[in-house]
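*Asks:* Dropping a prediction and its sequence here:
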Amino acid sequence: MKHQNVNYSENCKVCGNELDYHNKGEKLICHNCGITEYANISCSNGHYICDKCHGADAFNMVLEHVVSSESKDPLHIAEELMSMKDEVPMLGCENAWVAAGSLMAALRNEGSVGINNNQVEEVLNRTRSQAIGGYCGLTGVCGIAPGIGACFSVILGAACPKDKETSVTMKVVGRIVNVIADQTGPCCCKNFVRNSLEESIQLVREYLDVDLPENEIRIPCDHVNRHPHGCRKEKCSYWDK
Ligand SMILES: [Zn+2]
Ligand SMILES: [Zn+2]
């Protein structure tokens with residue numbers, strides 16, 4: 001059921017109130033599935049929605065879209081997904097699936113690295129395991145970083161006992177974290193997706209020897225009025241005056 005005047009993405013999914021970000025986490029019960037988790041975000045009425053329930057619909061939508069996309073341009077695929085505003089919220093780690101899925105789809109479509117749709121799904125599942133809403137600020141690791149890391153890990157076959165494969169994956173994650181760190185105040189998932197994918201185009205060239213198309217046209221952001229913490233405006237390279 002969709003509420004006309006409540007934008008799910010910025011507010012409590014249950015009552016539409018603003019969300020509170022707690023410095024000290026506490027045990028909260030998901031209003032939807034009943035799981036009890038240690039968490040830091042709830043609304044002023046005490047409603048908590050776990051990450052799994054938060055993105056339940058979006059996950060399959062992102063997966064289906066990236067599996068069927070024919071574009072080699074990861075930013076283009078990501079913009080298509082982010083424009084589905086009912087499914088992909090303004091903030092939240094659904095945006096990490098968008099970034100990781102778009103990069104994998106673009107690489108699969110480009111063709112130099114043989115990628116199948118099982119690998120695309122594997123990347124999204126790994127991203128889901130480590131992309132947790134709000135942890136950009138809580139630990140410094142935005143979910144997009146492990147999302148892009150998952151792409152490289154799956155392609156390179158990285159794992160704990162491996163050597164260079166894991167090293168490259170970690171370096172990629174470090175680069176993404178650095179790029180995102182220059183774009184905070186407040187955090188904006190749309191900006192993070194775009195900047196991370198621009199950096200990823202450089203990273204796949206360096207580490208995988210793949211040339212993906214670079215988006216020449218500046219993306220004018222149409223999410224400005226959706227940001228619950230305020231758009232960064234002139235601080236953001238995607239802001240359209
Ligand atoms: Zn609520
Ligand atoms: Zn839940």
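*Replies:* Happy to help now that I have it. Numbering: from 1, shown residues only. Ligands and ions are numbered 1, 2, ... in the order given.
*Asks:* For Gly101, give me its contacts.
*Replies:* Contact analysis of Gly101 by Cβ atoms under 8 Å, 6 or more residues apart in numbering lists Val62, Leu63, His65, Val66, Ile77, Leu81, Val120, Val123, Leu124. Every C-beta, even on glycine, is put in place using the N, C-alpha and C of the backbone.
*Asks:* Is the helix or strand of the chain with the lowest mean pLDDT positioned near ligand 1?
*Replies:* Least confident helix or strand, the chain: helix 51-54 with a mean of 86, by mean pLDDT, DSSP states H and E. No: Helix 51-54 lies apart from ligand 1 when judged by Cβ under 5 Å from the ion; the minimum separation is 12.8 Å.
*Asks:* That helix and ligand 2, are they touching?
*Replies:* Yes: against ligand 2, helix 51-54 shows contacts by Cβ under 5 Å from the ion at Cys53.
*Asks:* So for the next helix or strand after that helix, what gets flagged as buried?
*Replies:* Counting by DSSP states H and E, the element after helix 51-54 in chain order, helix or strand, is helix 56-68. In terms of neighbour count (16 or more other Cβ atoms under 10 Å), helix 56-68 has its buried residues at Ala58, Phe59, Met61, Val62, Leu63, His65, Val66.
*Asks:* What is the following helix or strand past helix 56-68 packed up against?
*Replies:* Elements were assigned by DSSP H and E; along the chain past helix 56-68, the next helix or strand is helix 74-82. Helix 74-82 is packed against helix 56-68, helix 94-110, helix 189-208, with contacts defined by 3 or more Cβ pairs under 8 Å, 6 or more residues apart in numbering; DSSP states H and E.
*Asks:* List the buried residues of helix 74-82.
*Replies:* Residues Pro74, Leu75, His76, Ile77, Ala78, Glu79, Leu81, Met82 are the ones in helix 74-82 that count as buried (16+ other Cβ under 10 Å).
*Asks:* With pLDDT and distance to ligand 2 added, can I get those residues in CSV?
*Replies:* Listed next are the buried residues of helix 74-82 as CSV, based on pLDDT from 0 to 100; distance: Cβ to the ion, whole Å:
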residue, pLDDT, distance to ligand 2
Pro74, 97, 30
Leu75, 96, 32
His76, 95, 32
Ile77, 96, 28
Ala78, 96, 26
Glu79, 95, 29
Leu81, 97, 23
Met82, 96, 24
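*Asks:* Wait, Cys151 touches Met104, no?
*Replies:* Yes: proximity of Cys151 to Met104 meets the contact threshold set by Cβ atoms under 8 Å, at 5.4 Å.
*Asks:* wait, Gly147 sits on Met104?
*Replies:* No: checked against Cβ under 8 Å, the pair Gly147 and Met104 is beyond contact range at 9.6 Å.
*Asks:* who touches both of these two?
*Replies:* Between them, Gly147 and Met104 have Val123 as joint contacts when contacts are counted by Cβ under 8 Å, 6+ apart.
*Asks:* Show me the shaky parts of this protein.
*Replies:* Under the criterion pLDDT under 70, the flagged ranges of the chain are 1-10, 216-218.
*Asks:* Report the contact partners of the residue nearest the centre of the chain.
*Replies:* For the chain, the residue whose C-alpha lies nearest the mean C-alpha position (Cα atoms, centre = their mean) is Ala96; its distance is 1.4 Å. Residues in contact with Ala96, defined by Cβ under 8 Å, 6+ apart, are Thr127, Ala131, Cys142, Gly143, Ile144, Pro146, Gly147.
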